[in-house]
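Engineer: Output the structure for:
(2 chains)
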2 protein chains.
Amino acid sequence: MIRIAVDGMGGDYAPEPIVKGTLMALEKFDNIEITLFGDETKMAPYLKQHPRLQVIHTTHFLEMGEKDPIRAYRKNKELSMFMAMQHVKDGLSDAVVSAGPTQALVVGGHFIIRRMASMPRVAIAPIVPSLDGRGRILLDSGANVDFKPEHLLSFAIYASIVANKVLKREKPQVALINIGTEDSKGRDFDKETFALLEASKDINFYGNLEPKEILTSEADIFLSDGFTSNIVMKTMEGTAKGMGMILKREIKSSIFATIGALFMRKALKRFKKSLDASEIGGALLMGFDGIVIKAQGASQSYGFMNGIRQAKEMVDANVIQLVSEVLTKKEAVGE
Amino acid sequence: MIRIAVDGMGGDYAPEPIVKGTLMALEKFDNIEITLFGDETKMAPYLKQHPRLQVIHTTHFLEMGEKDPIRAYRKNKELSMFMAMQHVKDGLSDAVVSAGPTQALVVGGHFIIRRMASMPRVAIAPIVPSLDGRGRILLDSGANVDFKPEHLLSFAIYASIVANKVLKREKPQVALINIGTEDSKGRDFDKETFALLEASKDINFYGNLEPKEILTSEADIFLSDGFTSNIVMKTMEGTAKGMGMILKREIKSSIFATIGALFMRKALKRFKKSLDASEIGGALLMGFDGIVIKAQGASQSYGFMNGIRQAKEMVDANVIQLVSEVLTKKEAVGE
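Structural biologist: Numbers count the residues shown, from 1 in each chain, chains lettered A, B, ... in the order given. Here you go, the predicted model:
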């Protein structure tokens, strides 16, 4: 049985979609049990009894706009997110899922769950949409701004194991995001990272990726420093949002277009869905000594259920132990 | 009369769309005269006599795939692009327009036209699409990787003058591309640039811009280091291209959707057009002592005509002299 701790109060619309997504996941997967942390009074309208569901009551939770999660953690350990993380630390759950603020999850990860000994840094890796619908792992989008090339290599190794074991890609390829495809492109940082990735035996290196191919590339994992990947993710989001608005405007602009859109209703729905991150799952927080999944802040129940599915699959595939083995071996041979 | 030098042989489909775009511009604007540089035999099928058109023959031109434009320049000054630039240097034309390789234009700018004394560096500034259809100036996307914050300020000043005088924006706003909107976001480089832009009296500073708003932001000018802006531009391109492919796939997926798309034909065409950079014009090369416009490599005649229009408007508004005055005054007061 895979044991998952869920922060019932995290996210823009909590607790409704969180509780509903939790019940949906329990229906769908019969090898999970869930401990839900949150305010029982607030969750009650959506809650149902379930043999594999346990609720732990706390009235405290983190505001979505919390700017100083470190202070919040120091002040109050009874916040639903941190209690769920403590459950993992105490060995009572195998993974934690929350739609709360990402930076608070990073803080809780560091202070409560702690970093894996073999991972020098922690990365936030969202799954971004792709033309083929399978999604791609993008990292690090955590806005870390002082990574070294070795950090990127360790993330690449972690993500490769996730892509192989969880996403079932035969030989996952790692691409370095860059301004050109030639080996010599980019800043010194990119050139050093290129050399390191190319020399590594623990990953399949694709080479440089120009983001002109961000939705069409064959590579499974897109890698760059925290600043650049964050910019890539937000530019994808902004372009998709803007294009959606333009399409909507054009549909409304004439009666013919409006009629056409009625005929195209299902196709337009699939179009929209293909770019919806919640179809694919949440972001992975890589580097902690436990599985931490950040579901989208605006998660609806289906999206949150997908976050739980992802956590389950990560635990199932024993990802953390596999990563630890590769990185420890790598250290031992002095790579 | 505004005098424009055109490289007849630059671009993926040259010379046909270049010659046609040139004739289109001459029809449209009666205050320009054009000197067209290129192979008369190759251009002949598309050429027409025009009282304001002069053709200067050369059989030499730069291949689009040229990787070493410096060497190409050293070997041969008779290449159509460099002859057009020499025409500007010799005071015989006021601006040059080419759809040839950007890096070759940068090389020719440095070696032939030379930099403005008051501009410490040169920037490539494409016009990127926007929801409102007016476009935005993005810079620098020239893949320069060692800019200082002061360089970005001088680009911001140049772009503000272009936005005001050419694009007719009342009080153009300059936004710094960043991973968050708060003042303190980003790398040290971004924080220093933020402080410098905020303190400047020569621009209207909008603050940080998260690229989630890249198509919807009110700001007129988007600024970052050469690496980041290049990544933003290519991510926009890749997302738009991928979304277009997904939409096409969905339209083809059912007979209803195909019928719907017929009704929506005009709306879909406008949708596509709204994201087409050639509607707006080429990239500006800022910092040379003459107007240099890089039309899109894949320019068709209409897109190339828009590049000529842009050059004409830049000359008309006396942009280089205005920029030079602001920057020189700024130096004089020791800012």
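
Engineer: Low-confidence bits of chain A, can you list those?
Structural biologist: For chain A, the stretches with pLDDT under 70 are A:143, A:277-281, A:334-335.

Engineer: Please name the residues that touch the most centrally placed residue in chain A.
Structural biologist: Closest residue to the average C-alpha location of chain A: A:Ala283 at 0.7 Å, with C-alpha atoms, centre = their mean. When contacts are counted by C-beta atoms under 8 Å, 6 or more residues apart in numbering or on different chains, A:Ala283 touches A:102, A:124-127, A:141, A:293-294. In short, each C-beta sits where N, CA and C put it, glycine included.

Engineer: so what's A:Phe304 up against?
Structural biologist: A:11, A:17-18, A:20-22, A:97, A:99, A:295.

Engineer: can you tell me which two in the residues you listed are farthest apart?
Structural biologist: Longest distance between any two of the contacts of A:Phe304 is 13.8 Å, between A:Lys20 and A:Val97; criterion C-beta to C-beta.

Engineer: more neighbours, the two?
Structural biologist: Shown here are A:Lys20 and A:Val97; by other C-beta atoms under 10 Å in any protein chain shown, A:Val97 has more neighbours (34 against 18).

Engineer: Touching, the more buried one and A:Val6? I think so.
Structural biologist: Yes - assessed by C-beta atoms under 8 Å, A:Val97 is found in contact with A:Val6 at 5.3 Å.

Engineer: Need the residues touching each of these two.
Structural biologist: A:Ile308.

Engineer: Helices along chain A, start to end?
Structural biologist: Under the criterion DSSP state H, chain A contains helices at A:16-28, A:40-43, A:69-75, A:80-89, A:102-108, A:149-165, A:188-199, A:226-252, A:255-263, A:265-274, A:301-316, A:319-332.

Engineer: Can you tell me which of these is most buried?
Structural biologist: Neighbour counts (mean count of other C-beta atoms under 10 Å in any protein chain shown) averaged over each of the helices of chain A peak at helix A:80-89, with a mean of 26.

Engineer: A:Lys185: what's it in contact with?
Structural biologist: Taking C-beta under 8 Å, 6+ apart, we find A:Lys185 in contact with A:178-179, A:191, A:208, B:143.

Engineer: Pull the number of nearby residues for the nearest residue to it once chain neighbours are set aside.
Structural biologist: Leaving aside its chain neighbours, A:Lys185 sits nearest to A:Asn178 (5.0 Å; criterion: C-beta to C-beta, 6 or more residues apart in numbering or on different chains). Counted by other C-beta under 10 Å, the residues lying close to A:Asn178 total 28.

Engineer: pretty sure A:Asn178 contacts A:Phe189?
Structural biologist: No - with contact defined as C-beta under 8 Å, A:Asn178 does not count as touching A:Phe189 (10.4 Å).

Engineer: Provide a list of residues in contact with A:Ile32.
Structural biologist: Shown in contact with A:Ile32 (C-beta under 8 Å, 6+ apart): A:1-4, A:25-26, A:52, A:308, A:312.

Engineer: Bridged to the closest residue to A:Ser130 other than its chain neighbours, which residues?
Structural biologist: Leaving aside its chain neighbours, A:Ser130 sits nearest to A:Arg136 (5.2 Å; criterion: C-beta to C-beta, 6+ apart). Taking DSSP bridges as the rule, A:Arg136 bridges to A:Val128.

Engineer: And A:Arg136, how far from A:Gln173?
Structural biologist: Noted for A:Arg136: a distance of 10 Å to A:Gln173, by C-beta to C-beta, to the nearest Å.

Engineer: Neighbour count: those two, which is higher?
Structural biologist: A:Arg136 (24 against 18).

Engineer: how close does A:Ser141 sit to A:Ser160?
Structural biologist: If you go by C-beta to C-beta, the gap between A:Ser141 and A:Ser160 works out to 17 Å.

Engineer: okay, now the domains of chain A?
Structural biologist: Listed by automatic domain parsing, the domain ranges of chain A are A:1-119+A:287-335, A:127-276.

Engineer: So which of those domains is nearest B:Ser217?
Structural biologist: domain A:127-276 (8.5 Å).

Engineer: What distance do you get for the closest residue to A:Met81 other than its chain neighbours to A:Gly91?
Structural biologist: Excluding its sequence neighbours, the residue lying closest to A:Met81 (C-beta to C-beta, 6+ apart) is A:Asp7, at 4.4 Å. Going from A:Asp7 to A:Gly91 by C-beta to C-beta gives 18 Å.

Engineer: Please apply the same query to A:Ile179.
Structural biologist: Distance from A:Ile179 to A:Gly91, by C-beta to C-beta: 46 Å.

Engineer: So for those two, which sits in the more crowded spot?
Structural biologist: A side-by-side neighbour count of A:Ile179 and A:Gly91, using other C-beta under 10 Å, places A:Ile179 first with 25 against 9.

Engineer: And the more buried one, how close does it get to A:Phe194?
Structural biologist: Distance from A:Ile179 to A:Phe194, by C-beta to C-beta: 12 Å.

Engineer: any shared contact partners between the two?
Structural biologist: The contact sets of A:Ile179 and A:Phe194 overlap at A:Gly186 (C-beta under 8 Å, 6+ apart).

Engineer: For A:Lys266, give me its contacts.
Structural biologist: A:Lys266 sits next to B:254, B:256-257 when contact means C-beta under 8 Å, 6+ apart.

Engineer: Tally up the residues packed near the residue nearest to A:Asp39 when sequence neighbours are not counted, please.
Structural biologist: Among residues not flanking A:Asp39 along the chain, A:Thr59 sits closest, at 5.2 Å (C-beta to C-beta, 6+ apart). Counted with other C-beta under 10 Å, residues neighbouring A:Thr59 total 12.

Engineer: Any figure for the gap between A:Thr59 and A:Ser80?
Structural biologist: For A:Thr59 relative to A:Ser80 (C-beta to C-beta), the value is 9 Å.

Engineer: same deal with A:Pro101?
Structural biologist: 12 Å.
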